[in-house]
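1. need coordinates for the below:
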Amino acid sequence: AFSRAAAPWRSAPAAAKPFLEEARATKDWAFVLFKDGVRVWKRGHAAKDERSSFAVKAEVLVGCSADDLTKLLLTRDYDVIRRFNPTVVDGRDLEWRDGRRERVTYIETKPVWPLRPRDFVCRVRHTSLPDGAQLVVNTPAADARAPVYKGLVRGELRGIHFVQPRGPKRCLYTCIHEIDPAGRAPRKLVNWFAF
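-> This next block holds a predicted model:
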């Protein structure tokens, strides 16, 4: 079910290739668990140490088309977003670029005890690949329209969402997340949240 197809990035735009390679990489990833059809790995200086920062990678077969899952990943409907991430308070798009394939977005999250509320400014880039796969990349950004607000801590997040078609109503979803909540967030708590 999780077989590796031929490398779709060979004909992908140059800017997408490093992200596609990272999504498919296996080196430096430590397998953590397999539950309910989801495979999870960790990567970091000490992947087994819960106090060190790390990235989380997950892979699962999903019962919908690659296009439908990508639409969900790209939604700007914050009611839908909160269904999947209840810590999100609100957000807004600050700027669109490159024919609406890239946007800069501001997101505010609730405080999670004992932490103060966080906010993030993130560049979201969508690339459709020739084989029907979809790539959504989130990278930290800065924007004068989203200064650091009093009472909030500005964190950074990075994400790769690689969606590969596996038939008309199935797709393989691979995601990688790295979060730096900044401030005085205990790393063990941040890592607990990552899982």
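
2. what's near enough to touch the spatially most central residue of the chain?
-> Centroid check for the chain by CA atoms, centre = their mean gives residue 159 as the closest residue, at 2.9 Å. Residue 159 makes contact with 136-138, 175-178, according to CB atoms under 8 Å, 6 or more residues apart in numbering. All C-beta atoms are positioned from the backbone trio N, CA, C, and that covers glycine.

3. so where's this structure uncertain?
-> Where the chain drops to pLDDT under 70, the residues are 1-12, 45-53, 183-195.

4. can you give me the helices in it?
-> Listed from the start of the chain, the chain has helices (DSSP state H) covering 17-24, 66-73, 78-84, 187-194.

5. can you give me the buried ones in the third one?
-> Same thing as helix 78-84. By neighbour count on 16 or more other CB atoms under 10 Å, the buried set for helix 78-84 is residue 81.

6. ok, so of the contacts of residue 159, who is nearest residue 14?
-> Using CB to CB, residue 137 comes nearest to residue 14 of these, at 13.5 Å.

7. who are the contact partners of the closest one?
-> The neighbours of residue 137, taking CB under 8 Å, 6+ apart as the test, are 16, 19, 123-125, 127, 159-161.

8. of those residues, which is the nearest to residue 28?
-> Nearest member of the contacts of residue 137 to residue 28, counting by CB to CB, is residue 160, at 14.8 Å.

9. so the closest one is in contact with residue 21, correct?
-> No: at 10.2 Å, residue 160 does not count as touching residue 21 under the criterion of CB atoms under 8 Å.

10. tell me which of those two has more neighbours.
-> Neighbour totals were compared for residue 160 and residue 21, and residue 160 leads with 21 against 12 (other CB atoms under 10 Å).

11. re the thing from before, in a markdown table: the helices of the chain, plus distance to residue 57.
-> Below are the helices of the chain laid out as a markdown table (distance: least, CB to CB, whole Å):
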| stretch | distance to residue 57 |
| --- | --- |
| helix 17-24 | 8 |
| helix 66-73 | 16 |
| helix 78-84 | 18 |
| helix 187-194 | 11 |
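
12. among these, which is nearest residue 116?
-> Nearest of the helices of the chain to residue 116, taken as CB to CB: helix 187-194 at 12.7 Å.
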